[in-house]
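1. What follows is a protein structure lacking sequence information:
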């Protein structure tokens, strides 16, 4: 990488471009783009990089592919790019080959079961491994940890991405994660300011309203952000939520009282403020993309993430500066923070040899195993297991869980001579229960039951009820959300063996089946 | 790459090691190995490379991953490795990101429909693109084309991998493919000698017996091999088949009369003779791995592909040379051929920029579209399409078609507001037909109906019969084998619209639905 040029040597347009982070596919070739409405083809991306945009956020591709991709793009950039990704569950969550941890809420479970010290140890390891592997493939900006306190079980978007339901838990675990990451040349991010944990609305779809008093924010939502700042977090991401007690006029992403007075002033945060993705309906439904961009900067944002159109956004900001709406001093402050962040990651040397480390995989496996819950009936499972004839696998959507199913291929079919049936919520009505005798049911459903898909998860619940009534359910394993478990348990007679795993990966399934005595 | 050392400067063991090609995963990390019984972990592979094995055959991983993998392994090798893969349908068949063509038999269909000239043009393009993209990621040995004449519809293993049912077709198309590839630094392979097209047995599972007379071999099976040799094919792969008229004592892979007298002598082939994989039951069931290795070399093989244990194989051959069973002159002949082959690929420069070329993708799309067959009833489809309520997708095994289903996600669900149901052959009995009204059925089944899975494909046929009887079938699309189409058509009333595609990829599905008027 090169050194950073003097900020003043850049044109106004180039300075503004540095405040923009656009989205791209992690695959190398345009024909592999999976979300053409959001992911730029290479030529467009290259042009933006030549224009001096500040960074790129990636989705898709394997870890080695991302290594090649970031190397290629950095070589095209005059000023080193920020390279971001939502790797909340480890780099493997997004980029295959790297370590994939269970969702953060698994650590809350370990804390409850084994004590907070061991949970903190794992959180620190998770931060270190994620940061090391991010740097290994050229990522320099980890968009984690989520520091939202998930104290609303109906939360459709945070859910298991949170480290807990109590501020204390969240503080302990996210602080450890940030500290673990701090030895590596990557930026960390506390999100989503001022707190996205207590809402039943998904800000991807509409704007959640947080009716809390300022006092309640001080007690619940803000302490984890304070702790993250204390721990040296590099950036804070704004939420597209409307919190009238903080700003009665607009959403947090566009709110000067929230981002500047509260976050910068009261909380004393001096790092990067980045908006959540500006393509999300929670902000994009409110006003024009141009106005959103200008308002976000005036509110205090340094980086605009995924604006709908980067070029138009840059033009709108140029205009706002030229008209005096945004001052040049205001711009300089953001640029100085961006330069400070880039200075930290400037000398990172990607190295694929830092991926695939058995120790990393071992720690992910430990967190997976330690956060599994098992209930065996008093009579034990041995006798009933011998009666299981059907392995019934229920998933949200077969079409979108391809990788996941492929990974489970061996595990699911290896298990003796079960009659294996896979059904998703769209096909569940066409299942003929007469063809199922005694069943081991495995549910892979991560979506929150209360969200838009509530009806779909309701279908799974109806099926379970029918199997119980027909006396056909022998054992059940749920992989995903503990809030689904809370809804499932009342449906089960006490003599039914059950298991719950936060992780939906194959290693979780192997462990669950072993401990249920099924494999 | 380095230059080749003098053969005589190598120790006996190193010379023999050069005759071995082992299998490895195309993924970079050991924890991603998908077939641990066959794919060596990195440390073992590295040791074999230091010992001087001749090459590696890869399965798995994306094109960029293989690029990194081959670069890494070549850097560990003192003598450049042969890097092979079964890319019969283009590099994209095995390594994502590269061009994925329909199965070769699609070209036969284009020949019938549009004339042999256009089919030859496509075969040549397919050879050129496959060779260029292979070289782009460090592959230097294309294990294609299949030159077997598939004149037995019950063939469980060749099937759509063949270019036709007549020697003439196969000769025209495979010659064009070999010529197309000849401009690039990769080796081509005619397989499987002396012909694997007329058998109902899969040599992966047991040894097929070819009861043909020598005269019949001269008329049907051998001409495509002669043509391939004429066209300059670099290697010929032996088949694990028993052909008594060629050798009454043993299978072709171990037969001196077949490999040396017939292939080298009568057919005058001077290139590399490579065995088919030695882990296949068709050969491994017959005698010890050590004896197989020695016998294959005595028969005339230069390269042993995927021996069960490379180290033990090398030791057995060393012993056979030291005991005089294999002469040093015999070894030298093989080494000279291997050196000649390696000299051809020595200066290949992998370049990921040669993948993702829109022209390559366009040619694959043309072959896909031109080989689709459509039958629309006289009344047209418009009225009936409006009555379709269910999009019923039938696949062989949901667990193993993850990538494929993911790719079809958009296409399958985008189509209006169909009730989408996915069922595989293991779950088909649990489908409640009462829940299906008028249906568009899509079958993705490539396996030959006559093979071990005949019963499974039979279940799909039974389902179609029931839907026809219930008057619920509106239209049907079959993606895969034309031999399945031959079985399907008698089941369909004439007013049912149907489509057939050799390709199972998303582009095929989009084209089929467009031409059926469904999307």
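-> Yes, it's here. Since the model is a prediction, treat every value here as computed from it, not as a measurement.

2. alpha carbons only for contacts and neighbour counts from here, please
-> OK.

3. For residue A:17, which non-adjacent residue is spatially closest?
-> Once flanking residues are discounted, residue A:17 sits nearest to residue A:53: 4.4 Å by C-alpha to C-alpha, 6 or more residues apart in numbering or on different chains.

4. Excluding chain neighbours, give the residue nearest to the closest residue to chain B within the stretch 1-150 of chain A in space.
-> Distance from chain B to each residue of the stretch 1-150 of chain A (C-alpha to the nearest C-alpha) is smallest for residue A:29, at 5.6 Å. Closest residue to residue A:29 apart from its sequence neighbours, by C-alpha to C-alpha, 6+ apart: residue B:356 at 5.6 Å.

5. same question, residue A:278
-> Nearest non-adjacent residue to residue A:278, counting by C-alpha to C-alpha, 6+ apart: residue A:307, 4.9 Å away.

6. ok, that neighbour touching residue A:279?
-> Yes - taking C-alpha atoms under 8 Å as the definition, residue A:307 is a contact partner of residue A:279 at 6.0 Å.

7. Looking at the two, which has the bigger crowd around it?
-> Remark: of residue A:307 and residue A:279, residue A:307 carries more neighbours, 26 against 17, as counted by other C-alpha atoms under 10 Å in any protein chain shown.

8. hang on, the earlier thing: so the residue of the stretch 1-150 of chain A closest to chain B is in contact with residue B:353, correct?
-> No - counting by C-alpha under 8 Å, residue A:29 stays clear of residue B:353, with 9.4 Å between them.

9. Pick out whichever of the two has more residues nearby.
-> Just comparing residue A:29 and residue B:353: by other C-alpha under 10 Å the higher neighbour count belongs to residue A:29, 19 against 12.

10. In contact with that one, which residues are there?
-> Under the criterion of C-alpha atoms under 8 Å, 6 or more residues apart in numbering or on different chains, the neighbours of residue A:29 are A:42, B:97, B:355, B:356.

11. May I ask which two of these are separated the most?
-> Maximum pairwise distance among the contacts of residue A:29 (C-alpha to C-alpha): 14.5 Å, between A:42 and B:97.

12. neighbour-wise, which of the two wins?
-> Comparing residue A:42 with residue B:97 by neighbour count (other C-alpha under 10 Å), the higher total belongs to residue B:97, at 20 against 16.

13. Just the buried residues of stretch A:105-116, please?
-> A:105, A:106, A:107, A:108, A:109, A:110, A:111, A:116 (16 or more other C-alpha atoms under 10 Å in any protein chain shown).

14. How about the strand or helix carrying residue A:118 and chain B, touching?
-> Secondary structure assignment for residue A:118, by DSSP states H and E: helix A:116-136. No - if you take C-alpha under 8 Å from any C-alpha of the partner chain as the test, helix A:116-136 misses chain B, and the best it gets is 13.3 Å.

15. helices or strands up against that helix?
-> Helix A:116-136 is packed against helix A:105-114, helix A:167-181, helix A:358-370, with contacts defined by 3 or more C-alpha pairs under 8 Å, 6 or more residues apart in numbering or on different chains; DSSP states H and E.

16. ok, then the element right after it?
-> As assigned by DSSP H and E, the chain's next helix or strand after helix A:116-136 is strand A:141-142.

17. Show me what that next one is in contact with.
-> Applying C-alpha under 8 Å, 6+ apart, the external contacts of strand A:141-142 come out as A:82-88, A:131, A:134, A:186-189.

18. Could you rerun that using 10 Å?
-> Strand A:141-142 has contacts (C-alpha atoms under 10 Å, 6 or more residues apart in numbering or on different chains) with A:55-57, A:82-88, A:90-91, A:127, A:130-131, A:134-135, A:181, A:185-190, A:234-235, A:341-342, A:345.

19. Out of those residues, list just those in helices.
-> Within the contacts of strand A:141-142, residues falling in helices by DSSP state H are A:127, A:130, A:131, A:134, A:135, A:181, A:341, A:342, A:345.

20. Quick check: the farthest pair among those?
-> Farthest pair in the ones in helices among the contacts of strand A:141-142, by C-alpha to C-alpha: A:127 and A:342, 19.9 Å.

21. Quick check on those two: which one has the bigger neighbour count.
-> When neighbours are counted by other C-alpha under 10 Å, residue A:127 and residue A:342 differ, and residue A:127 comes out ahead with 29 against 23.

22. any idea which of the contacts of residue A:29 is closest to residue B:499?
-> Closest to residue B:499, out of all of the contacts of residue A:29 and judged by C-alpha to C-alpha, is residue B:97, at 27.3 Å.

23. quick one on the thing from earlier: out of the helices and strands packed on helix A:116-136, nearest to residue A:301?
-> If we rank these by C-alpha to C-alpha, the stretch that ends up nearest is helix A:167-181, at 21.4 Å.

24. quick one: the closest one to chain centroid distance?
-> Here helix A:167-181 is found 16 Å from its chain centre; the criterion is C-alpha atoms, centre = their mean, to the nearest Å.

25. what packs against it?
-> helix A:105-114, helix A:116-136, strand A:189-193, helix A:222-230 (3 or more C-alpha pairs under 10 Å, 6 or more residues apart in numbering or on different chains; DSSP states H and E).

26. what angle sits between the longest one and helix A:167-181?
-> If you take axes from the mean of the first three to the mean of the last three C-alpha atoms, to 10 degrees, helix A:116-136 sits at 40 degrees to helix A:167-181.

27. Helix A:116-136: which residues count as buried?
-> Going by neighbour count (16+ other C-alpha under 10 Å), the buried part of helix A:116-136 is A:116, A:119-120, A:122-136.

28. Let me see the mean pLDDT of stretch A:494-513.
-> Across stretch A:494-513, pLDDT averages out at 93.

29. before we move on, what about stretch A:241-258?
-> 97.

30. ok so, going back, next, show the common contact partners of residue A:307 and residue A:279.
-> Joint contacts of residue A:307 and residue A:279 (C-alpha under 10 Å, 6+ apart) are A:38, A:289.

31. could you pull out the strands for chain A?
-> Per DSSP state E, chain A carries strands over the ranges A:20-25, A:55-59, A:82-85, A:141-142, A:189-193, A:235-238, A:272-274, A:304-305, A:373-375, A:390-395, A:419-424, A:439-445, A:473-480, A:497-501.

32. and residue A:183, backbone torsions?
-> Main-chain torsions, residue A:183, degrees, to the nearest 10: phi -80, psi 0.

33. In contact with the nearest residue to it once chain neighbours are set aside: list those residues for me.
-> Ranked by C-alpha to C-alpha, 6+ apart and with sequence neighbours excluded, the top spatial neighbour of residue A:183 is residue A:128, at 7.3 Å. Counting by C-alpha under 10 Å, 6+ apart, residue A:128 touches A:90, A:122, A:134, A:176-184, A:360.

34. Done for today, thanks.
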